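Chemist: got a structure for you, letters missing:
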C-alpha cells in the first residue's frame, strides 16, 4: 500500500511523462488516430510530434502517380532535419486506387521504393472525409480536387500551406515552404 506522499509522487510522475505528448497534441491538426497501411493504428500527433509533416492524398493509377518518386526523394532529403511525408491512398477521384491495401503497399514499394509512412485507404473530401482531412480543409480553405494534393503542417501541428496536385514534389515553391517550416 502506498502512503499519501508516495501516491502523489507517482501521480505527478505520470502527469509529467504525459505532459509533452499532451502539449504536442493540443490544438494540433494531427490530433487523430490513423490506421497504417497493413498495420496498426497510431495517434499522429504523438508519433510525429515536433516534425514538419507533408500530408498527401495518393492514388496508384493516376497521371500524378509518378509524384511518388519525388515524394520519396523529399522524404530522404529532409527526414534527418525533421520532415516526414504521410501518404493517404484515396479512391475518391476516378477510382484510381487498388481495392486491396496489400496491392497498394506492393505497388508503392516495387515501383517507387516508398519508405515514408503510408496509411489505409482514406476518404479525403465530402461528408465522409477523415477527420484529419476535415481539419486540413478547414485550416487551409482548400479541399482536395484530385489525387496528390499536399498539405504542409508545421512543427506546432498547424497548417502552413496547401499545394494542389499540379505542384510537383521538386517544385521550388514546395521546397521553399519546407525549408521555412524546418527552420528552428
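Modeler: On my side now, so go ahead. The model shown is predicted, which means the values in this text are computed figures rather than measured ones. Residues are numbered from 1 along each chain as shown.
Chemist: What ranges does the chain have for its helices?
Modeler: In the chain, the helices defined using DSSP state H lie at 4-25, 44-47, 67-78, 101-112, 131-140, 172-182.
Chemist: ok now the fifth one, how far from the chain's centre?
Modeler: Translated: helix 131-140. Relative to its chain's centre, helix 131-140 lies at 12 Å (C-alpha atoms, centre = their mean, to the nearest Å).
Chemist: Give me the below-cutoff pLDDT ranges for this structure.
Modeler: 1-24 (pLDDT under 70).
Chemist: hmm, back to that, possible to save the helices of the chain as JSON lines with mean neighbour count?
Modeler: The way it works is simple: take the backbone N, C-alpha and C, and place the C-beta from them, glycine included. Putting the helices of the chain into JSON lines (neighbours: other C-beta atoms under 10 Å) gives the following:
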{"stretch": "helix 4-25", "mean neighbour count": "11"}
{"stretch": "helix 44-47", "mean neighbour count": "20"}
{"stretch": "helix 67-78", "mean neighbour count": "19"}
{"stretch": "helix 101-112", "mean neighbour count": "16"}
{"stretch": "helix 131-140", "mean neighbour count": "19"}
{"stretch": "helix 172-182", "mean neighbour count": "15"}
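Chemist: closest to residue 33 out of the ones you listed?
Modeler: When those are compared by C-beta to C-beta, helix 44-47 sits nearest residue 33, at 7.4 Å.
Chemist: still on that earlier bit, the helices of the chain into JSON lines, with extra columns for distance to residue 150?
Modeler: Output for the helices of the chain, formatted as JSON lines (distance: least, C-beta to C-beta, whole Å):
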{"stretch": "helix 4-25", "distance to residue 150": "22"}
{"stretch": "helix 44-47", "distance to residue 150": "16"}
{"stretch": "helix 67-78", "distance to residue 150": "9"}
{"stretch": "helix 101-112", "distance to residue 150": "16"}
{"stretch": "helix 131-140", "distance to residue 150": "10"}
{"stretch": "helix 172-182", "distance to residue 150": "7"}
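Chemist: right, so of those, which gets closest to residue 37?
Modeler: Between residue 37 and the helices of the chain, the tightest spacing by C-beta to C-beta is seen for helix 101-112, at 5.3 Å.
Chemist: got a list of contacts for that closest one?
Modeler: Outside of helix 101-112, the residues within contact range by C-beta atoms under 8 Å, 6 or more residues apart in numbering are 37-38, 60, 68-69, 72, 87, 89, 97-98, 114, 118, 120-121.
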